[in-house]
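> can you look at this prediction? I've put the sequence above it.
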Amino acid sequence: MKAFEPGPDPVADDFPARPPDPALEEAVRTLLRRIGEDAAREGLARTPRRVSDTLRFLTSGYGIDVDAVINGAVYREDVDEMVVVKDIELYSLCEHHVLPFFGKCHVAYLPKGRVIGLSKVPRIVDAFARRLQVQERLTVQIARAIESHLKPVGVGVVIEASHLCMMMRGVEKQNSKAITSCMLGRFRSDEKTRAEFLNLIAPR
């Protein structure tokens with residue numbers, strides 16, 4: 001039987017066009033063969049390219065410079081009240097099993113004469129989430145980045161996420177969630193500040 005030879009993909013690509021990565025595509029073909037599949041059959045013929053593109057997108061954070069993300073969007077403002085950006089959608093890959101974890105990130109800071117453009121906060125989250133990660137480290141990286149660029153009075157970050165490595169394999173607990181936090185400055189030292197933040201992000 002003649003091996004299926006794929007032509008142009010009739011389905012629109014999920015990700016922007018980018019140069020192929022033949023070595024990564026071949027690694028995916030090898031993986032498919034090792035699990036007992038025919039990597040040349042019609043349903044899998046385009047899979048190596050799709051998986052390669054997907055992995056490069058989901059790990060694109062390695063090539064992102066947080067300074068470039070912020071791009072000067074830090075402004076002098078005479079404000080000192082808490083700024084909160086809550087329910088930021090978050091998608092990442094567990095570095096232990098390369099399975100997704102996903103959920104929400106909540107970020108707060110107490111300005112000290114400087115604020116950041118609100119759209120930059122989710123971009124900072126994505127810059128670190130689009131890497132192989134553990135949730136604990138991701139939480140700290142986001143908080144430290146905000147602290148480094150704004151020098152605020154305090155920073156608080158909370159992530160709540162579901163991990164497919166717990167849901168699909170291992171303990172197989174579909175309803176479990178992991179919650180991690182990083183509190184810096186006044187969010188760590190002042191219970192009232194911390195409580196205000198946690199109250200603001202609580203489900204309504």
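Ah, there it is.
> can you pull up the bridge partners for Tyr109?
Beta-bridge partners recorded for Tyr109 (DSSP bridges): Val83, Val155.
> could you give the number of residues near it?
For Tyr109, the tally of surrounding residues (other Cβ atoms under 10 Å) stands at 28. For every residue, glycine as well, the C-beta is placed using N, CA and C.
> got the contact list for it?
82-83, 146-147, 150, 152-156 (Cβ atoms under 8 Å, 6 or more residues apart in numbering).
> output the below-cut-off pLDDT ranges for this structure.
By pLDDT under 70, the low-scoring segments of the chain are 1-17.
> so which residues of it form helices?
Along the chain, the segments classed as helices by DSSP state H run 22-34, 47-58, 66-70, 120-129, 135-150, 164-167, 186-189, 191-201.
> tell me what the first one is packed against?
Same thing as helix 22-34. Applying 3 or more Cβ pairs under 8 Å, 6 or more residues apart in numbering; DSSP states H and E, one finds that helix 22-34 makes contact with helix 47-58.
> pull the CA atoms of the helix it packs on into PDB?
What follows is helix 47-58, C-alpha atoms only, in PDB (Å, rounded to 0.1, in the frame of the first residue of the first chain):
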ATOM      1  CA  THR A  47       0.500  15.600  13.100                       C
ATOM      2  CA  PRO A  48       4.300  16.100  13.500                       C
ATOM      3  CA  ARG A  49       4.000  19.600  12.000                       C
ATOM      4  CA  ARG A  50       1.000  20.500  14.100                       C
ATOM      5  CA  VAL A  51       2.600  19.200  17.300                       C
ATOM      6  CA  SER A  52       5.800  21.100  16.500                       C
ATOM      7  CA  ASP A  53       4.000  24.300  15.900                       C
ATOM      8  CA  THR A  54       1.900  23.800  19.100                       C
ATOM      9  CA  LEU A  55       4.900  23.100  21.300                       C
ATOM     10  CA  ARG A  56       6.800  26.100  20.000                       C
ATOM     11  CA  PHE A  57       3.800  28.300  20.700                       C
ATOM     12  CA  LEU A  58       3.200  26.900  24.200                       C
END
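> for it, packing partners?
Packing partners of helix 47-58 (3+ Cβ pairs under 8 Å, 6+ apart): helix 22-34, strand 83-94.
> now the helices of the chain in CSV, with mean neighbour count?
Listed next are these as CSV, based on neighbours: other Cβ atoms under 10 Å:
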stretch, mean neighbour count
helix 22-34, 14
helix 47-58, 17
helix 66-70, 15
helix 120-129, 21
helix 135-150, 19
helix 164-167, 17
helix 186-189, 18
helix 191-201, 15
